[in-house]
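**Student:** need a structure here:
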Amino acid sequence: MKILTSLREALADDNLLGQAIAGESWAIWRALLMAAMGETLTAEERELFTLVTGRAQEPQERVEEFWTVAGRRSGKTRAAAVLGSYLSTCIDWTDRLAPGERAVLPVLAANTYQASRAFMHVAGILQHSADLSALLEGEPTADAIRLSTRVDIAIVPANFKTIRSITAIAIICDEIAFWSIEGSKNPDKEILAAARPALATTEGPLVCISSPYARRGELWTNYRKDFKPDGDPLILIANGESKVFNSTLPQRVIDRAYERDPSAASAEYGGKFRTDVETLLAREVVEAAVDTGVVERAREPGTRYYGFVDPSGGSSDSMTLGIAHKEGNGAVLDVLRERKPPYSPEAVTKDFCELLKSYGIHSVTGDNFGGEWCKEPFSRHGVTYERSTEPKSSLYAALVPALNSGRVSLLDNERATNQLVELERRSGSSGRDIIDHPPGAAFHDDVSNAVAGAVFQVLGKRGPMVISDEAIRQAAKPGSYTNRQFMPRFGGGLR
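**Tutor:** Now for the predicted structure:
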């Protein structure tokens, strides 16, 4: 590995990266990036470095990992793109590569859309640099940039299976706080465990940037471990408010966010991890409830079934249906159907109604999606649609003790299991808990909502009150407390 140009020189040269993060508002980022590359800072730059790292001295050697925990609009994605552009063009990696081998700088995020934002920054920086644009081999595609330096910059799904078998000069992990966490099938811990060996040959940096969220996952773990003066000198962690990193951010935007939701704003703009968010269900609990290999149960004569629908308009979210029945004091899930978009809501409603009627169900409960929209199309197909009296959070809250006590038998449906495990409990501004999927386009709860709703129809409803003859006789005895309490109300006592 041979440094052709220092980062300081590249940031000062308009033909290289001089225009990428120019101006006073980017000063703190320039100091951090140079420190991460092991370069010596000026006294003024060191003050900025200390402000967001808590460390009095820069590492003075290239770090192994660079983590940034910063609020929204702080410029972290742009800064990471500058570092990626520098590493892929101003350093010669050929002595670390086998003959004919090309190195990779993967950009990882929870989904390809998010990864494309950082990728587009890199493409823009390279294309608008007089000298660096000459290194492009053809036009950048939607997910790859090929350079004459034998480096490819690519969007790679954040998956522990896809990050293997590459030689990476660096890895950029965008918004890592919103990746799947421990307990999921693709946890952030496993992704990073698979990613780090890809850097072993080049000794390039792992670059993780994110707004903070809950106190869990790899972002929180590394922040807690090394964001301190005596943290690992080769693991550099910066943390601060959006306004600290980006002085041009309008204060009124921040103030309004705090007025709407102080807890959310403290993470989104304050750079602080939230204390009001926790996971709802352990994967072990959910998987223990799954009847392995059973994907659907046939209708049993003499059994009463209940249905719950999570409808959708057909363009973004799935439309789902759950059917369950009672067995002893527990609930058994019999059917779980999902129609992914795009689809015709009318056609899916017809299919769901036929399935419901095949289980003897002529009245189904669903959430309040679209107000009265669902009633008419369901009615056309012979099924009465009743809007749930309970919000989604209440359905999930009722499901938790039922699952924890082993009173629910689930179907072998991986999407349902994953969605249930990903659910989280957040304290709402009204003081009530909100249970929902994590924020971000990568997370959904359409299937888990159908599960919770169907189970609630079986276990959550109160049946008719049954009073034994003996209880009635005892209550009717002269002088009994119950008789005295209720006799005036019924005009002559219990009969």
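**Student:** So what does the residue lying closest to residue 241 once chain neighbours are set aside look like in phi/psi?
**Tutor:** In space, residue 241 comes closest to residue 271 once its chain neighbours are excluded; the distance is 4.9 Å by C-beta to C-beta, 6 or more residues apart in numbering. Glycine gets a C-beta too; all of them are placed from N, C-alpha and C. With angles defined as degrees, to the nearest 10, residue 271 sits at phi 70, psi 20.
**Student:** Check the gap between residue 271 and residue 285 for me.
**Tutor:** For residue 271, the distance to residue 285 equals 33 Å [C-beta to C-beta, to the nearest Å].
**Student:** out of the two, which sits in the more crowded spot?
**Tutor:** Between residue 271 and residue 285, counted using other C-beta atoms under 10 Å, residue 271 has the larger neighbour count: 24 against 17.
**Student:** Could you chop the protein up by domain?
**Tutor:** The record assigns the chain these domain ranges, following automatic domain parsing: 2-268, 283-460, 464-495.
**Student:** So the residue nearest to residue 241 sits against residue 242, correct?
**Tutor:** Yes. With contacts defined as C-beta atoms under 8 Å, residue 271 counts as touching residue 242 at a distance of 6.9 Å.
**Student:** List of residues touching the longest helix anywhere in the chain?
**Tutor:** Longest helix in the chain, counting residues (DSSP state H): helix 112-127. Identification of contacts with helix 112-127 by C-beta atoms under 8 Å, 6 or more residues apart in numbering yields 17, 20, 77-78, 80-82, 84-85, 89, 107-109, 132-133, 135-136, 140, 142-143, 145, 147, 153-158, 172, 174-175, 440-442.
**Student:** Show me which positions of that helix end up buried.
**Tutor:** 112, 114-116, 118-123, 125-126 (16 or more other C-beta atoms under 10 Å).
**Student:** can you check stretch 79-94 too?
**Tutor:** Across stretch 79-94, burial judged by 16+ other C-beta under 10 Å covers 79-91, 93.
**Student:** same deal with stretch 148-158?
**Tutor:** Quick answer for stretch 148-158 (16+ other C-beta under 10 Å): 149-158.
**Student:** now the stretch 251-400 of the chain, which segments are flagged as low pLDDT?
**Tutor:** Applying pLDDT under 70 to the stretch 251-400 of the chain picks out residues 313-315, 368-372.
**Student:** hmm, try it at 90
**Tutor:** In the predicted model, the stretch 251-400 of the chain carries pLDDT under 90 at residues 260-264, 274-284, 311-318, 340-346, 367-377, 389-393.
**Student:** Now go through the contacts of helix 112-127 and say which are in strands.
**Tutor:** 107-108, 145, 153-155, 172, 174 (DSSP state E).
**Student:** of all the residues you listed, which comes closest to residue 304?
**Tutor:** Set against residue 304, the nearest of the ones in strands among the contacts of helix 112-127 by C-beta to C-beta is residue 108 (48.6 Å).
**Student:** and the spatially closest residue to that closest one that is not a sequence neighbour, what are its phi and psi?
**Tutor:** Distances taken as C-beta to C-beta, 6+ apart put residue 158 closest to residue 108, at 4.3 Å, once the chain neighbours are dropped. Per-residue torsions, residue 158: phi -80, psi 80 (degrees, to the nearest 10).
**Student:** ok, residue 158 - contacts?
**Tutor:** Residue 158 makes contact with 108-110, 115, 173, 179, 186, 188, 191 under the criterion C-beta under 8 Å, 6+ apart.
**Student:** For PyMOL, what selects the buried ones among these?
**Tutor:** Applying 16+ other C-beta under 10 Å to the contacts of residue 158, the buried members can be selected in PyMOL as follows:
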select buried, resi 108+109+110+115+173+179+186+188+191
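**Student:** which among the contacts of residue 158 gets closest to residue 29?
**Tutor:** Ranked by distance to residue 29 (C-beta to C-beta), the contacts of residue 158 are led by residue 173 at 17.4 Å.
**Student:** Just give the number of residues close to the closest residue to that closest one other than its chain neighbours.
**Tutor:** Nearest residue to residue 173, sequence neighbours excluded (C-beta to C-beta, 6+ apart): residue 208, at 4.4 Å. The number of residues packed near residue 208 is 27, by other C-beta under 10 Å.
**Student:** Between the two ends of stretch 71-81, how far is it?
**Tutor:** 17 Å (C-alpha to C-alpha, to the nearest Å).
**Student:** Now do that stretch, average pLDDT.
**Tutor:** Averaging pLDDT along stretch 71-81 gives 94.
**Student:** can you pull the contacts of residue 346?
**Tutor:** Taking C-beta under 8 Å, 6+ apart, one finds residue 377 in contact with residue 346.
**Student:** quick one: it and residue 319, what's the gap?
**Tutor:** According to C-beta to C-beta, residue 346 stands 11 Å off from residue 319.
**Student:** next one: residue 210
**Tutor:** 32 Å.
**Student:** Enumerate the beta-bridge partners assigned to the residue lying closest to residue 156 once chain neighbours are set aside.
**Tutor:** Distances taken as C-beta to C-beta, 6+ apart place residue 106 nearest to residue 156, at 3.9 Å, with adjacent residues excluded. Beta bridges link residue 106 to residue 154, judged by DSSP bridges.
**Student:** Give me the neighbour count for residue 106.
**Tutor:** 25.
**Student:** any idea how far it lies from residue 159?
**Tutor:** 11 Å.
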